[in-house]
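[1] Sharing a model that was predicted from the sequence below.
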Amino acid sequence: MSIQWFPGHMTQARKKATETLAVADVVVEVLDARLPQASSNPMIHELRVFRQRPCLKLLNKADLADPEATKAWLAFFDKQPGVKAVAISCKKASDVARIPGLAQKLAPHRNDAVKPLRLMIMGIPNVGKSTLMNALVKKKVAAVGDQPAVTKSQQRIDISNRLTLYDTPGMLWPKIDHPIDGLMLAASHAVGVNAYIDEEVGTWLATYLLEAYPKLLMARYGFATDGMDAVGVIEAIGKKRGCVIKGRGGEIDMERAAAILILDYRSGALGRISLETPALRASRQAELKAAGRLNENPNLATDEGND
């Protein structure tokens, strides 16, 4: 199953973003630190490169991501021209306080009341843009919710006579080309629940965790993973958590058990997990190329010069 999700309001949001970017100085792209490239919208890349705007990439939710993977991503992004990457948590005031100064360094000519710094906050749904906006303004100016795409319209906020923010709705792109990207985005709650099946996403997540973080699975659920496959992991979670279908002779509710695994990943209850690294993404890209399924989508690329 290929996961796709592109609500109608996103088309209008893209048109508005194209117009606003003409007057913005720096694009502040908010990414999910657990899947930085998969959560980077290729349309944002295209728009800002066309307008020749520098980009401050914020790897948000860094407190939930594998620190070693995050370190590798920061080095990867910092090699791209016109890009500065930092790992943050939008819930930490000290992290948020650094952002205007970091953006200022990318546009040093915009530094007074005559030429205020204009930042355009962009990103896919549910990566923390609204939380960031509220923290920057120090009051609630953007709706925050557990479901993706809570923000549906753009707004301008003048922080001071030296700083203006443009908040944009979370935007995905019309077609997610890499199936694994769709699964990672679903696992991380960037797409609507109507676009995926918990059991499918949970099975993929269990497969990945068995390969990359088996000790975290064992620590969280209290069972050994040796010799297990993904379905076995979901079943074991179901048994541990009492996910039994009534009247079915003890049959495990795989959908409920998969949902538990997904929620434990999202919340950080499983531990600090990253779903991709630059090296792993390059490997996945090579597999696509070998299968004849690689296109020119910059969001799939790992070429450090693709900006």
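    Yep, it's here. Remember, predicted model here, so these are calculated numbers, not experimental data. Residues are numbered from 1 along each chain as shown.
[2] list the contacts for D32?
    38-39, 59-61, 124, 127-128, 188, 190 (Cβ atoms under 8 Å, 6 or more residues apart in numbering). The C-beta positions use only the backbone N, C-alpha and C, and glycine is treated the same way.
[3] Count residues in the vicinity of H178, would you?
    Using other Cβ atoms under 10 Å, the number of residues around H178 comes to 22.
[4] the helices in the protein, which residues?
    For the chain, applying DSSP state H gives helices covering 9-21, 42-51, 67-78, 93-97, 99-106, 129-137, 179-187, 198-212, 214-221, 230-241, 254-267, 278-290.
[5] Indicate which one of the ones you listed is closest to A85.
    Set against A85 and scored by Cβ to Cβ, the helices of the chain come closest in helix 67-78, at 3.6 Å.
[6] can you state the direction angle for the closest one and helix 278-290?
    Per axes from the mean of the first three to the mean of the last three Cα atoms, to 10 degrees, the angle that helix 67-78 makes with helix 278-290 is 70 degrees.
[7] helices and strands around helix 67-78, which ones?
    strand 55-60, strand 83-87, helix 278-290 (3 or more Cβ pairs under 8 Å, 6 or more residues apart in numbering; DSSP states H and E).
[8] Need the winner for burial among these.
    Comparing the helices and strands packed on helix 67-78 by mean neighbour count (mean count of other Cβ atoms under 10 Å), strand 55-60 comes out on top with a mean of 26.
[9] contact partners of that one?
    The contact list for strand 55-60, computed with Cβ under 8 Å, 6+ apart, reads 26-33, 36, 40, 48, 65, 70, 73-74, 77, 82-90, 99, 102-103, 106, 127-128, 132, 307.
[10] Let's see that with 7 Å instead.
    Strand 55-60 has contacts (Cβ atoms under 7 Å, 6 or more residues apart in numbering) with 26-33, 36, 48, 70, 73, 77, 82-90, 102-103, 106, 127-128.
[11] List buried residues within these.
    Buried members of the contacts of strand 55-60, counted by 16 or more other Cβ atoms under 10 Å: 26-33, 36, 48, 70, 73, 77, 83-90, 102-103, 106, 127-128.
[12] Could you give the separation of stretch 118-126 from the chain centroid?
    Chain-centre distance of stretch 118-126: 12 Å, with Cα atoms, centre = their mean, to the nearest Å.
[13] Kindly state the beta-bridge partners for the most centrally placed residue in the chain.
    Nearest residue to the geometric centre of the chain (Cα atoms, centre = their mean): D32, 3.1 Å. Beta bridges link D32 to N60, judged by DSSP bridges.
[14] Start and end of stretch 232-251, how far apart?
    For stretch 232-251, the first and last residues are 13 Å from each other (Cα to Cα, to the nearest Å).
[15] So V127 sits against A33, correct?
    No. Taking Cβ atoms under 7 Å as the definition, V127 is not a contact partner of A33, at 9.2 Å.
[16] Look up which residues are beta-bridged to the closest residue to A24 other than its chain neighbours.
    In this structure, A24 finds its nearest non-sequential neighbour in M120, 3.8 Å apart by Cβ to Cβ, 6 or more residues apart in numbering. Counting by DSSP bridges, M120 is bridged to V27, Y166.
[17] Hmm, M120 is touching T164, no?
    No. Here M120 does not reach T164: they are 9.5 Å apart, not a contact under Cβ under 7 Å.
[18] and those two? which has more neighbours close in?
    The neighbour comparison of M120 against T164 (other Cβ under 10 Å) goes to M120, with 27 against 19.
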